[in-house]
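**Student:** the sequence isn't on hand, but the structure is:
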């Protein structure tokens with residue numbers, strides 16, 4: 001059980017009536033309180049608002065900010081971000097297929113006829129589905145930020161394989177059945193990384209396999225699920241060089257800033273020319289003028305966390321050409337990729353040169369290849385991307401490289417790991433990378449008997465050189 005159970009100690013019930021502030025778990029129609037159910041735009045997911053009033057199916061919120069729509073709006077309660085207040089089993093057909101721990105932020109997907117709710121974790125790559133009663137959830141009053149130290153008590157299922165950088169769905173039966181979990185491409189969006197419930201620590205294990213299907217167990221620190229998939233990328237063993245997570249990076253989506261701009265004072269927004277106000281457009285809000293009617297302009301406004309459409313006094317717009325410089329806004333993604341990798345003897349004295357992959361070694365030579373090293377490092381990239389993404393929220397545009405030198409003994413144990421090059425300048429990321437590397441395991445290397453007998457004092461340690469590239473797109 002995790003922190004959400006504290007809520008029950010105060011006798012709170014899972015209803016928006018107790019929340020002074022609520023957050024949106026998905027994009028929602030913007031319906032001003034004065035518009036009688038008529039949507040005029042959209043509210044973005046992942047933002048929190050003060051509660052003004054509550055009803056059985058809707059919550060009235062107050063929208064404010066430096067620019068964009070301001071005023072009261074009604075949002076459906078099913079669009080509010082919820083927190084699990086108890087551990088929940090994923091059960092189908094009388095069996096348990098997984099578990100999600102309390103404290104996980106979830107979104108309501110569906111209300112069933114018996115009153116139960118189908119919910120799913122928000123953001124992140126790994127999204128199991130579960131059915132809960134209304135008393136099992138409580139609306140979040142702020143955006144939760146997962147804690148990497150918050151993990152399940154043992155015993156907890158484990159996985160030993162990295163996930164491919166592609167999407168799939170896990171079902172309760174081979175080739176179909178109930179969807180137990182959806183798994184997307186690697187999470188790389190800066191906002192999504194901020195509250196990824198899997199914390200970049202996904203692993204999987206093969207439970208059962210047939211000719212055309214595979215049953216997988218996907219495990220995160222606070223949730224796991226078993227299910228079937230027919231996707232070829234998930235049925236094949238991972239390549240020795242490891243999966244390249246950057247192949248799952250979404251294209252950054254840009255949108256041009258609307259050309260016109262509201263002046264230095266807030267202006268009323270109405271449903272029609274000369275109509276009653278339904279809210280305000282904040283000073284500096286960017287708008288697109290759709291049409292004009294004498295002294296009124298029908299505009300589509302773009303602001304922080306919302307978009308809206310309506311009529312405003314055209315005189316409140318800055319004169320054309322007097323607006324601030326037009327910019328292009330992007331939803332940034334962060335990418336961590338493995339650059340150059342190399343393997344060399346720590347002390348080459350007495351050794352033959354390392355034999356490249358594909359060459360035929362002599363009896364006293366040792367084959368050193370970089371693919372297993374690259375694979376071991378790639379398995380940790382998702383966790384490093386999480387740390388880098390959080391840092392990128394505080395210092396946008398930060399990019400650079402880390403080059404590691406990891407010394408490994410013949411027994412596969414790490415003797416030393418150091419940061420040889422750091423052009424990134426984010427100590428919290430560098431420290432996390434070194435800590436993850438220190439926990440890596442490598443296979444034991446067989447020392448040629450002939451060489452061991454002829455020169456027992458040879459140094460059999462090898463140095464692994466790994467370059468990591470950190471950047472944001474665009």
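**Tutor:** Yep, that arrived. Computed from a prediction, not measured in an experiment: that's the story for all the values here.

**Student:** which stretches in the stretch 151-300 of the chain count as strands?
**Tutor:** Ranges of strands within the stretch 151-300 of the chain are 168-173, 176-183, 203-209, 214-219, 223-229, 253-256, 260-261, 267-270, 277-281, 286-293, 296-303, based on DSSP state E, counting those that start in this stretch.

**Student:** can you get me a residue count around residue 406?
**Tutor:** By other Cβ atoms under 10 Å, the residues close to residue 406 number 23. Every residue, glycine included, has its C-beta placed from N, CA and C.

**Student:** hmm, residue 462 and it touching each other?
**Tutor:** No. Under the criterion of Cβ atoms under 8 Å, residue 406 is not in contact with residue 462, lying 9.1 Å apart.

**Student:** mean pLDDT lowest for which of the strands of the stretch 151-300 of the chain?
**Tutor:** Among the strands of the stretch 151-300 of the chain, strand 253-256 has the lowest mean pLDDT, at a mean of 74.

**Student:** please compute how far stretch 85-97 lies from its chain's middle.
**Tutor:** Chain-centre distance of stretch 85-97: 24 Å, with Cα atoms, centre = their mean, to the nearest Å.

**Student:** which ones are touching the closest residue to residue 262 other than its chain neighbours?
**Tutor:** In this structure, residue 262 finds its nearest non-sequential neighbour in residue 285, 4.5 Å apart by Cβ to Cβ, 6 or more residues apart in numbering. Taking Cβ atoms under 8 Å, 6 or more residues apart in numbering as the criterion, residue 285 is in contact with 67, 68, 261, 262, 301, 302, 303.

**Student:** again, only this time at 10 Å
**Tutor:** Contact partners of residue 285, counting by Cβ atoms under 10 Å, 6 or more residues apart in numbering, are 65-70, 258, 260-263, 266-267, 269, 299, 301-304, 308, 312.

**Student:** filter those to the buried ones?
**Tutor:** Neighbour-count burial (16 or more other Cβ atoms under 10 Å) is assigned, among those, to 67-70, 258, 260-263, 266-267, 269, 299, 301-303, 308, 312.

**Student:** figure out which of the strands of the stretch 151-300 of the chain is closest to residue 446.
**Tutor:** Closest approach to residue 446 among the strands of the stretch 151-300 of the chain (Cβ to Cβ): strand 203-209, 27.1 Å.

**Student:** residues of that closest one that come out buried?
**Tutor:** Buried residues in strand 203-209, counting neighbours by 16+ other Cβ under 10 Å, are found at 203, 204, 205.

**Student:** ok so, going back, between the strands of the stretch 151-300 of the chain, which one is closest to residue 469.
**Tutor:** Closest of the strands of the stretch 151-300 of the chain to residue 469 is strand 253-256, at 22.3 Å (criterion: Cβ to Cβ).

**Student:** what pairs with the closest one, parallel or antiparallel?
**Tutor:** Strand pairing for strand 253-256, determined by DSSP bridges: strand 328-331 (antiparallel).

**Student:** what comes up buried for the strand it pairs with?
**Tutor:** Under 16+ other Cβ under 10 Å, strand 328-331 has no buried positions.

**Student:** for it, the distance to its chain's centre please.
**Tutor:** Offset of strand 328-331 from its chain centre (Cα atoms, centre = their mean): 18 Å.

**Student:** show me what the helix or strand just after that strand is packed against.
**Tutor:** Per DSSP states H and E, the first helix or strand lying C-terminal to strand 328-331 is strand 333-345. Strand 333-345 is packed against helix 190-194, helix 371-378, helix 381-394, strand 400-408, strand 462-473, with contacts defined by 3 or more Cβ pairs under 10 Å, 6 or more residues apart in numbering; DSSP states H and E.

**Student:** highest mean neighbour count out of those?
**Tutor:** Compared across these, helix 381-394 shows the largest average neighbour count, a mean of 22 (mean count of other Cβ atoms under 10 Å).

**Student:** helices and strands around it, which ones?
**Tutor:** Judged by 3+ Cβ pairs under 10 Å, 6+ apart, helix 381-394 is in contact with helix 190-194, strand 333-345, strand 400-408, helix 427-438, strand 462-473.

**Student:** and the ones you listed as CSV, adding distance to residue 444 and mean pLDDT?
**Tutor:** Below are the helices and strands packed on helix 381-394 laid out as CSV (distance: least, Cβ to Cβ, whole Å; pLDDT from 0 to 100):
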stretch, distance to residue 444, mean pLDDT
helix 190-194, 36, 82
strand 333-345, 15, 88
strand 400-408, 10, 94
helix 427-438, 18, 89
strand 462-473, 12, 91
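
**Student:** nearest to residue 27, of those?
**Tutor:** That would be, of the helices and strands packed on helix 381-394 and by Cβ to Cβ, helix 190-194, which comes in at 12.5 Å.

**Student:** centre of the chain versus the closest one, how much separation?
**Tutor:** With Cα atoms, centre = their mean, you get 5 Å for helix 190-194.

**Student:** all helices for the stretch 1-150 of the chain, in order.
**Tutor:** Along the stretch 1-150 of the chain, the segments classed as helices by DSSP state H, counting those that start in this stretch run 6-9.

**Student:** where in it is pLDDT low?
**Tutor:** The model of the stretch 1-150 of the chain has pLDDT under 70 over residues 1-19.

**Student:** go with 50
**Tutor:** When residues are selected by pLDDT under 50, those of the stretch 1-150 of the chain lie in 1-17.

**Student:** could I get the full set of strands for it?
**Tutor:** Along the stretch 1-150 of the chain, counting by DSSP E, counting those that start in this stretch, strands occupy 21-23, 28-30, 41-43, 48-54, 58-63, 69-76, 82-84, 88-92, 95-100, 105-111, 117-121, 126-128, 130-132, 137-139.

**Student:** next one: the longest one to chain centre, how far?
**Tutor:** Right, the one you point to is strand 69-76. Its chain's average C-alpha position is 27 Å from that of strand 69-76, according to Cα atoms, centre = their mean.

**Student:** same for that strand, what does it pack against?
**Tutor:** With contacts defined as 3+ Cβ pairs under 10 Å, 6+ apart, the packing partners of strand 69-76 are strand 28-30, strand 41-43, strand 48-54, strand 58-63, strand 267-270, strand 277-281, strand 296-303, strand 306-313.

**Student:** export the helices and strands packed on helix 381-394 as TSV, with columns for distance to residue 125.
**Tutor:** Shown next, in TSV, are these (distance: least, Cβ to Cβ, whole Å):
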stretch	distance to residue 125
helix 190-194	9
strand 333-345	13
strand 400-408	23
helix 427-438	18
strand 462-473	17
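
**Student:** wait, which of the ones you listed is closest to residue 254?
**Tutor:** Closest to residue 254 of these is strand 462-473 (Cβ to Cβ; 10.4 Å).

**Student:** show me what that closest one pairs with in its sheet, parallel or antiparallel.
**Tutor:** Taking DSSP bridges as the criterion, strand 462-473 forms sheet pairs with strand 333-345 (antiparallel), strand 400-408 (antiparallel).

**Student:** angle of the last one against helix 381-394?
**Tutor:** This points to strand 400-408. Calculated by axes from the mean of the first three to the mean of the last three Cα atoms, to 10 degrees, strand 400-408 forms an angle of 150 degrees with helix 381-394.
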